[in-house]
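>>> need coordinates for the below:
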Amino acid sequence: MSSDDSNDRPRQPARRGFLKAGGAAVAASATLGATLAQSQAAQAAEAKHRMAAADPLAAVEPFYAPHQAGIVTPQQAHTYVAAFDLTTTSRDDVIKLLRQWTDSAARMTQGQSAVALEGVSDEQPAPDSGDVLGLGPAGLTVTFGFGPGLFVSEGKDRYGIAHKRPAALVDLPRFNGDQLIPEKTGGDLYVQACANDAQVAFHAVRQLARQGYGMLRMRWGQAGFLSGPRGQTPRNLMGFKDGTNNPPTGDAAAMKEFVWATSADTPWMQGGTYTVVRRIRITLEHWDQMELGFQEQVFGRRKYSGAPIGKEKEFDPVDLDAVDKDGNPQIPDNSHVRLSNRASNNGAQILRRSYSYNDSTNFYIERWPPWRQETEYDAGLIFIAHQADPRTGFIPINEKLAKFDMMNQFTTHVGSAVFACPPGARPGSYIGAELFEA
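Numbering: from 1, shown residues only. Predicted coordinates for the structure are as follows:
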């Protein structure tokens, strides 16, 4: 071998070069590993999202947020709403209960049991009824509200918070035609559970009710359901789309104007909302005998397309000035659409998030012709409306509807309640903490 052969040999790398090269390789490997990990995490998140979209039982809604879930959240298929009267006279009991409710609601919305199941003696009641184990979170949201009775009951300030009652939390007036049943009206505390499974929604309220044993009693409860493909306006039991003219929940400015409470005199309600709940019975037997054209005149919309009369598509603007060939309003003066439209109510709007209900049958007497007395469906609408202030929202709108709406021939309001729903809870805190501790 000649001396030139040494020039052809691979040189032995210097130690410093080796370390630099090795460090670069390690860095590249680390970067590659981090990128791979991020990619895998993104893929896992996307897979989870796809699974939730494909399987409604896998859907998860966050509990801790600036606003409570279940208000602008896209509607789930089922609800169970309930109101409770407090029996305890202890402010500490109420705070303790709200803390426990907050923790349990946060757990249940993530698909967990209401409380941890470990370490419970066989001689104790089970901490969770267990009827939804394995079902998944099902998109559960739990929304809490405070009724007027939490602040003052029978003229007494039970918990030292009467001076913090919001001016907007007014006692609802008696509207024309109301046939309110005391057992379906009012309440100190409100719980609204919505989910993509009926049992998950009922389970949530059931667990919270059992946790309040000895401190409260249930005043009323009501299960409801939603009909219609997800992402489309649902239909009520009368067959019409319900909620077409809602303010858009994705519009932050509209939500601030119409839904979220901003009154300076009630700082603990900033970011909350005021919720009106009405149980409206519908005489479906009577309605089902009405001509299609008359039904559309009652609503002011086409039944199948949802379009305003005189238009073709559901979201075409309502034209209250349009007239027919005889010069009469295309949308009747006493139609539901005209009377509830913001143009007829000084620009006021409310966010409807209603559900249908069907409670089998019972004996019923109509208050309108033909004044039938017979066994009929006990079915109708759980009307739920969120707004920044009922005094400028639901109350003036419903006063007009109660007096003039053609729909009153077929509907009777038998339950009613109003609640102040505070902003969302922060992790480590509890719902309504600003009310009791500020």
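>>> which stretches of the stretch 51-200 of the chain have low pLDDT?
51-53 (pLDDT under 70).
>>> what segments of this structure are helices?
5-8, 15-54, 91-109, 198-211, 252-258, 284-287, 292-299, 336-340, 394-404, 433-437 (DSSP state H).
>>> what is the last one packed up against?
Of the remaining helices and strands, those touching helix 433-437 by 3 or more C-beta pairs under 8 Å, 6 or more residues apart in numbering; DSSP states H and E are helix 91-109. For glycine as for every other residue, the C-beta is placed from the backbone atoms N, C-alpha and C.
>>> mind jotting down where the strands sit in the stretch 201-350 of the chain?
In the stretch 201-350 of the chain, strands defined by DSSP state E, counting those that start in this stretch lie at 216-225, 273-282, listed in chain order.
>>> sheet-wise, list the partners of the lengthiest strand in the chain with their directions.
Longest strand in the chain by number of residues (criterion: DSSP state E): strand 373-387. Strand 373-387 has its sheet partners listed here by DSSP bridges as strand 273-282 (antiparallel), strand 351-352 (antiparallel), strand 355-365 (antiparallel).
>>> just so I know, which of the ones you listed lies nearest Gly224?
strand 355-365 (3.0 Å; C-beta to C-beta).
>>> okay, the angle between that closest one and strand 216-225?
100 degrees (axes from the mean of the first three to the mean of the last three C-alpha atoms, to 10 degrees).
>>> let's number from 30 now, not from 1
Done: numbering now begins at 30, and the last item shifts to strand 384-394.
>>> pull the CA atoms of strand 384-394 into PDB?
What follows is strand 384-394, C-alpha atoms only, in PDB (Å, rounded to 0.1, in the frame of the first residue of the first chain):
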ATOM      1  CA  TYR A 384     -88.100  21.400  24.600                       C
ATOM      2  CA  SER A 385     -91.300  19.400  24.000                       C
ATOM      3  CA  TYR A 386     -92.800  17.200  26.700                       C
ATOM      4  CA  ASN A 387     -95.200  14.300  26.700                       C
ATOM      5  CA  ASP A 388     -96.600  13.200  30.100                       C
ATOM      6  CA  SER A 389     -99.100  10.600  28.900                       C
ATOM      7  CA  THR A 390    -102.800  11.600  29.300                       C
ATOM      8  CA  ASN A 391    -105.200  13.100  31.900                       C
ATOM      9  CA  PHE A 392    -108.600  14.700  32.200                       C
ATOM     10  CA  TYR A 393    -108.700  18.200  30.700                       C
ATOM     11  CA  ILE A 394    -111.200  21.100  30.300                       C
END
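>>> what's the distance between the residue nearest to the spatial centre of the chain and His415?
For the chain, Gly99 is the residue whose C-alpha lies nearest the centre (C-alpha atoms, centre = their mean; 2.9 Å). Going from Gly99 to His415 by C-beta to C-beta, to the nearest Å gives 9 Å.
>>> cool, Val229 as well?
With distances taken as C-beta to C-beta, Val229 is found 22 Å from His415.
>>> same check, this time on Gln228
Taken as C-beta to C-beta, the span from Gln228 to His415 is 25 Å.
>>> those two: which is more packed in?
Higher neighbour count among Gln228 and His415: His415, with 27 against 15, using other C-beta atoms under 10 Å.
>>> pretty sure the more buried one contacts Thr102?
No - between His415 and Thr102 there is no contact under C-beta atoms under 8 Å: 11.1 Å.
>>> and the strands in the stretch 80-229 of the chain, which stretches?
Counting by DSSP E, counting those that start in this stretch, the strands of the stretch 80-229 of the chain are 107-115, 170-175, 218-224.
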